[in-house]
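Peer 1: I need the structure of the sequence given here:
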Amino acid sequence: MRANAARHPFRRLAWPFPYREDSDAHPQPGPGIGYPLRPPSVFNRRVRKTGLLLSEEAKVFHAADRARISFERLRKDGKRRFLSGASMLSRHQQSWGVEQWAAYLKDKEIPVLLATRDMFQSLKSQGKDAPEFSPRELAEFVHDDPYLAVKLLIEAERHRSRRLGKETTTQLATILQLGSDELYSLIAGSPVVHVDHPGWQAAVSTAVLASSIARAWSNFRSDASPEEISLATLLSETGELLLWHFAPELPTGAIAEFESGRANRTGLAQLNSAGFTFRQLTLVLADVWQLPQMISQLIRGVDRPRTHIAQIAIDCARHLMQNPDNPALPSDIGNISQHIPGVAKEKLISVLPISDEQKTHILAGLSEK
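Peer 2: Numbering: from 1, shown residues only. Predicted coordinates:
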C-alpha cells in the first residue's frame, strides 16, 4: 500500500479517473472525462512527495473531477429515491419550521464522509511509518469534506480563548488551533454519513467545487482572503447537507417537488415542501453555533464584494455540473468581473475546468451582450 502510494502519488488524492499506467512517474488520465485535465506539470513539485499541495488551477480541476462524476450519477439515477436507512419523521417533526430544525441539529454529532474517515484511519494504522503532513497539507484534506470543515470550525472556536484568541476563519487556522492529534481523534470518534442518493452527492460535490472556484477567483483581489472566502463557500450548503444525514425526507421531498413542475427553482421547491429554504437553515445554524463573525457575514451576504464572489462561485459550480456548455456561464463570468475589476475575463474563465473551445464559447457569449 505504501509502495503503491509512492509510485502513484495522485492516488493519495483518490483521483476519480481511470489510469493508463504507461508511466511510473505520472499516471495519465483516461478518456471520457468530458474536458481536458492539465498535465502533471501544472502541479506543484511538492505533490510528487505528498500528493497534496496543488496549484490553485489544479485544485479547481481536482474538485471538478469529483463533482463531474457525482453529477453523472445524478443524471443517470435521478429518478431513484433514497429509502434505505432513512428514519421516518414524526408527525411533530413534519410541522417543524426552520427554528425548530436548527435547535434539533445544533447539538447533533456532525458526521464526516466515509472517504475522510477511511483515509485518516489508513494513515493512523501505519503508525510510525505514516507520512508526516504539515498543517497546511492537512487543511487540504479538510477542503474535500464540508462536514468535517464545519465540525472543525465549531470545535476550534470552543478551544479558542474568547478574550484573547483571534477568530478562526480559515481551514488552516482550525488545524493550528486544534493540532493534528485532536484532528485525528475527532475524525476517529465521528459518525459517518450513510447516504446513497445522487442528490446528496451533487450537494457535496457542488460545495467542494464552488469553494475551489471561489478561492481561485479571490486570488485576483488584493483585499480579499482566499482562504476565508473558500471556507465560507464550502459551508454555504451546511443546512442541506445535515438534513441529508438526519432528515433525508426533507431534501428528497424538495427534489420531488421540483421534478413535479410545481416549482421552477430549487429554493421555491424547498419552501413548498419543507416550509423554509435550506439556505435559511444554514444561516440560523451559523447563529446558534456562534460561528466566527467574518464567516457568518460571508455566508449571509453582508460583506461585499467578497460575498458576491462566494455566491457567484456557487452558481457557477452548479451550472458547470449541469453542463460545461451551460448558457448561464457567460452571465456568471460577467457577474464576477464586476466584483473583480481590472482582471481580464480570460483570466476569470481560465480557472474553470472546461476545454479551450468552451472557454472561447463563453467569451463569445460575453461579447454578444
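Peer 1: Tell me how many other residues crowd the nearest residue to residue 88 once chain neighbours are set aside.
Peer 2: When the adjacent residues along the chain are set aside, residue 88 lies closest to residue 249, with 7.4 Å between them (CB to CB, 6 or more residues apart in numbering). For the C-beta atoms, the positions are set from N, CA and C on the backbone; glycine is no exception. Number of residues near residue 249 (other CB atoms under 10 Å) recorded here: 17.
Peer 1: Same check on the one 4 residues further on?
Peer 2: For residue 253, the number of neighbouring residues by other CB under 10 Å comes to 17.
Peer 1: Repeat that for residue 114.
Peer 2: Neighbour tally, residue 114, other CB under 10 Å: 13.
Peer 1: Is it correct that it is in contact with residue 193?
Peer 2: Yes - shown here, residue 114 and residue 193 form a contact pair, counting by CB atoms under 8 Å, at 6.8 Å.
Peer 1: on that earlier part again, look up the pLDDT of the residue nearest to residue 88 for me, please.
Peer 2: On the pLDDT scale, residue 249 is placed at 96.
Peer 1: Tell me how far it lies from residue 255.
Peer 2: As judged by CB to CB, to the nearest Å, residue 249 and residue 255 stand 11 Å apart.
Peer 1: gap between residue 158 and residue 271?
Peer 2: 33 Å.
Peer 1: Neighbour count: those two, which is higher?
Peer 2: residue 271 (17 against 11).
Peer 1: For that one, which residues are in contact?
Peer 2: Contact analysis of residue 271 by CB atoms under 8 Å, 6 or more residues apart in numbering lists 263, 277.
Peer 1: Just give the closest residue to residue 172, not the sequence neighbours.
Peer 2: residue 139 (4.5 Å).
Peer 1: need the helices for the stretch 151-300 of the chain, in chain order.
Peer 2: Assigned by DSSP state H, counting those that start in this stretch, the helices in the stretch 151-300 of the chain fall at 171-178, 180-188, 198-218, 226-234, 238-246, 249-259, 266-274, 278-288, 293-300.
Peer 1: contacting residues for residue 124?
Peer 2: Neighbouring residues of residue 124 by CB under 8 Å, 6+ apart: 130, 184, 188.
Peer 1: rewinding a little: neighbours around the residue nearest to residue 172, how many?
Peer 2: Residues lying near residue 139 (other CB under 10 Å) number 23.
Peer 1: Quick check: it vs residue 356, distance?
Peer 2: Plainly put, residue 139 is 31 Å away from residue 356 if you go by CB to CB.
Peer 1: swap in residue 274?
Peer 2: Taken as CB to CB, the span from residue 274 to residue 356 is 42 Å.
Peer 1: Between the two, point out the one with more neighbours.
Peer 2: Neighbours per residue (other CB under 10 Å) separate residue 274 from residue 356, with residue 274 holding more: 24 against 11.
Peer 1: Apart from its chain neighbours, what residue comes closest to the more buried one?
Peer 2: Per CB to CB, 6+ apart, closest to residue 274 is residue 250, 4.9 Å.
Peer 1: what about that neighbour, neighbour count?
Peer 2: With other CB under 10 Å as criterion, residue 250 counts 24.
Peer 1: Low-confidence ranges, the stretch 151-300 of the chain, go.
Peer 2: Scanning the stretch 151-300 of the chain for pLDDT under 70 picks out 161-165.
Peer 1: redo that, cut-off 50
Peer 2: For the stretch 151-300 of the chain, the stretches flagged by pLDDT under 50 are 163.
Peer 1: tell me the residue furthest from the middle of the chain?
Peer 2: No residue in the chain sits farther from the centre than residue 91, which is 32.8 Å out by CA atoms, centre = their mean.
Peer 1: Look at that one and report its pLDDT.
Peer 2: For residue 91, pLDDT reads 88.
Peer 1: Next one: it from residue 278, what distance?
Peer 2: 22 Å.
Peer 1: Would you point out which residue is most central in this protein?
Peer 2: In the chain, the C-alpha nearest the mean C-alpha coordinate belongs to residue 208, at 1.9 Å (CA atoms, centre = their mean).
Peer 1: surely it meets residue 233?
Peer 2: No - with contact defined as CB under 8 Å, residue 208 does not count as touching residue 233 (9.5 Å).
Peer 1: can you pull the pLDDT of residue 76?
Peer 2: So residue 76 comes in at 46 (pLDDT).
Peer 1: Could you pull up the contacting residues of the residue lying closest to residue 99 once chain neighbours are set aside?
Peer 2: Of all residues not flanking residue 99 in the chain, residue 284 sits nearest, at 6.5 Å (CB to CB, 6+ apart). Contacts for residue 284 (CB under 8 Å, 6+ apart) come out as 98-99, 102, 239.
Peer 1: I'd like to know which of those residues is nearest to residue 171.
Peer 2: Compare each of the contacts of residue 284 with residue 171 using CB to CB and the shortest gap goes to residue 239, at 19.8 Å.
Peer 1: Do I have it right that the closest one meets residue 286?
Peer 2: No - Residue 239 lies out of contact with residue 286 (CB under 8 Å); the separation is 9.2 Å.
Peer 1: And the strands in this structure, which stretches?
Peer 2: All strands of the chain, identified by DSSP state E, fall at 19-20, 28-29.
Peer 1: For those, which has the smallest mean pLDDT value?
Peer 2: strand 19-20 (a mean of 26).
Peer 1: could I have stretch 120-133 exported to PDB, CA atoms only?
Peer 2: Taking C-alpha atoms only, stretch 120-133 is exported to PDB below (Å, rounded to 0.1, in the frame of the first residue of the first chain):
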ATOM      1  CA  PHE A 120      -7.300   9.000   8.200                       C
ATOM      2  CA  GLN A 121      -7.700   5.500   9.700                       C
ATOM      3  CA  SER A 122      -5.400   4.200   7.000                       C
ATOM      4  CA  LEU A 123      -2.800   6.800   7.900                       C
ATOM      5  CA  LYS A 124      -3.100   6.100  11.600                       C
ATOM      6  CA  SER A 125      -2.800   2.300  11.000                       C
ATOM      7  CA  GLN A 126       0.700   2.900   9.500                       C
ATOM      8  CA  GLY A 127       1.900   4.000  12.900                       C
ATOM      9  CA  LYS A 128       5.500   5.400  12.800                       C
ATOM     10  CA  ASP A 129       5.600   4.600   9.100                       C
ATOM     11  CA  ALA A 130       2.800   7.000   8.300                       C
ATOM     12  CA  PRO A 131       3.900  10.100   6.300                       C
ATOM     13  CA  GLU A 132       4.000  13.400   8.300                       C
ATOM     14  CA  PHE A 133       1.800  16.200   7.000                       C
END
